[in-house]
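1. For reference, the sequence and a predicted model appear below.
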Amino acid sequence: MKKAITLLFALTLAMSLFATSAIVYFSATGNTESVANTLSDLTGAEVFEIVPAVPYTEDDLNYREDDSRANNEQNDPSSRPEISGSFDLSSYDTVYVGFPIWWGRLPKIMYTFFETYDLSGKTVAPFCTSGGSGIETAVNEIRELEPSADVIDGLRTARRYADRDLSSWLEENNLN
Ligand SMILES: Cc1cc2nc3c(=O)[nH]c(=O)nc-3n(C[C@H](O)[C@H](O)[C@H](O)COP(=O)(O)O)c2cc1C
């Protein structure tokens, strides 16, 4: 019995030591990228950037312009902006996913990401930056897109508070 408990303990310890995390982010103007880099400093997780096949120009991102590219994408349920290149996330247990909030929701390129990468069985830890909107709606979208992943409550932060906010979020959620 004692042996079995020791073995179980050793196994649990080994699993936690070998648990691996990746950070995947999309950032159009650098805010989410900065937060992703802070998260990498705190966790040591490897970072992967979602790069749009067609980069967003300043005009593309003008949300005051009804007909801007970003607004058209957000208003089009079938829009799936192409991602340049690919990465292998199969070996990671936890995937942190970062993005800006666009019109209260996930940018459509994140739909492309979640529909391309099956994160079933993994812990998905969403984080975002925004002008003030919360992350809750985007987290619900992710839960619909990845029904077999454990999608935890997300974190909205800003680059200047990222270190403080991420540290307590990681601790609260037992993440590393
Ligand atoms: C098309 C578009 C829509 C946006 N919609 C919102 C919004 O609904 N709520 C909000 O708080 N911020 C909104 N923002 C602001 C961004 O979420 C914010 O600037 C974010 O930090 C940008 O992150 P990035 O630099 O990583 O791209 C929007 C920005 C763009 C370009």
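-> Arrived safely. Treat the numbers as computed from the prediction; the structure is a model and nothing was measured. Numbering: from 1, shown residues only.

2. who are the neighbours in contact with the residue nearest to Gly134 when sequence neighbours are not counted?
-> Nearest non-adjacent residue to Gly134, counting by C-beta to C-beta, 6 or more residues apart in numbering: Arg156, 5.7 Å away. Where you see a C-beta, it was placed from the backbone N, CA and C, and this is true even at glycine. Going by C-beta atoms under 8 Å, 6 or more residues apart in numbering, Arg156 touches Ile101, Phe127, Cys128, Thr129, Ser130, Ser133, Gly134, Ile135.

3. nearest residue to the fourth one other than its sequence neighbours?
-> Going back to what we said before, that points to Thr129. Using C-beta to C-beta, 6+ apart, the closest residue to Thr129 is Asn31 (4.1 Å).

4. Near that neighbour, how many other residues are there?
-> Counted with other C-beta atoms under 10 Å, the neighbours of Asn31 add up to 19.

5. From Tyr25, how far out is it?
-> For Asn31, the distance to Tyr25 equals 10 Å [C-beta to C-beta, to the nearest Å].

6. One more: Pro147?
-> According to C-beta to C-beta, Pro147 and Tyr25 sit 22 Å apart.

7. Between these two, tell me which one has more neighbours.
-> Tyr25 (26 against 9).

8. how far away is that one from Glu46?
-> Distance of Tyr25 to Glu46, computed by C-beta to C-beta: 12 Å.

9. before we move on, back to that, what pLDDT does the model give the residue nearest to Thr129?
-> For Asn31, the model assigns a pLDDT of 98.
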